[in-house]
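Visitor: What follows is a protein structure lacking sequence information:
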């Protein structure tokens, strides 16, 4: 893993073209010298695992080896392929099998955010994507830069993360349509970095 680690999160169901967008952004983050941390779900997590060299991605899995404890939205095949290719996987990242699935998924999301040190990029399939909103709030609470792609809706419908507002990212082709969380005046980002530059 590189010294700059970005979390990538997002909806379990992406609209047409969503997986290609996730993969393109993931490759840009890696080309900038970063490495990535993702979860284990279908949608955005699977798109990252399919798009970036395994050595540059840490996958935090809410299930165990062989898909033990997985559910219908678990990207078991992609996580196993990532592991087989030499990629790092932390099994049971949200807690052991005895922990109920909803709690394991929340724990896994918290672990993904905790592993990032340079920011979080989220891909929202809808404004009501609870897992993505939780990850964004956790990252913003840590003072990390947060960028979100609203897929199929306006950025002003993105969930509020605290004291601040969403502003459009104006730079770079890959960041077209993205919004960055801007904290209220007087609050500073922990890293001092912007993602979409």
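Guide: Structure received. None of the values given here were measured: they were computed from a predicted structure.

Visitor: which neighbours does the helix or strand hosting residue 147 have in its sheet, and in what orientation?
Guide: If you go by DSSP states H and E, residue 147 is part of strand 146-150. Strand 146-150 sits in its sheet next to strand 119-124 (parallel), strand 179-183 (antiparallel), going by DSSP bridges.

Visitor: Mind putting those into TSV with mean neighbour count?
Guide: Backbone N, C-alpha and C define where each C-beta goes, glycine included. Shown next, in TSV, are these (neighbours: other Cβ atoms under 10 Å):
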stretch	mean neighbour count
strand 119-124	27
strand 179-183	21
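
Visitor: Of those, which is nearest residue 83?
Guide: Nearest to residue 83, of all the strands paired with strand 146-150, is strand 119-124, at 23.0 Å by Cβ to Cβ.

Visitor: what's that closest one in contact with?
Guide: Here strand 119-124 makes contact (Cβ atoms under 8 Å, 6 or more residues apart in numbering) with 6-11, 14, 18, 21-22, 25, 29, 43-44, 113, 132-133, 135-136, 139, 144-151, 153, 158, 178, 191, 193, 195.

Visitor: isn't residue 38 right up against residue 5?
Guide: No - contact criterion Cβ atoms under 8 Å: residue 38 and residue 5 do not qualify, at 10.9 Å.

Visitor: Those two: who's more crowded?
Guide: For residue 38 versus residue 5, the count of surrounding residues by other Cβ atoms under 10 Å is larger for residue 38: 30 against 18.

Visitor: Contact partners for residue 159?
Guide: So residue 159 contacts 127, 133, 136, 137 (Cβ under 8 Å, 6+ apart).

Visitor: ok, and the most crowded of those residues?
Guide: Busiest of these [other Cβ under 10 Å] is residue 136, holding 28 neighbours.

Visitor: Can you show me the helices along the protein?
Guide: All helices of the chain, identified by DSSP state H, fall at 18-31, 44-51, 76-84, 101-115, 130-141.

Visitor: which secondary structure elements does the first one contact?
Guide: So that's helix 18-31. strand 4-10, strand 34-38, helix 44-51, strand 119-124 (3 or more Cβ pairs under 8 Å, 6 or more residues apart in numbering; DSSP states H and E).

Visitor: And the third one, by the same measure?
Guide: Here helix 76-84 is seen to pack against helix 44-51, strand 57-60, strand 88-90 when contacts are counted using 3+ Cβ pairs under 8 Å, 6+ apart.

Visitor: thinking again about what came up before, quick check on the contacts of strand 119-124: which are buried?
Guide: Listed as buried from the contacts of strand 119-124 are 6-11, 14, 18, 21-22, 25, 29, 43-44, 113, 132-133, 135-136, 139, 144-151, 158, 178, 191, 195; burial here means 16 or more other Cβ atoms under 10 Å.
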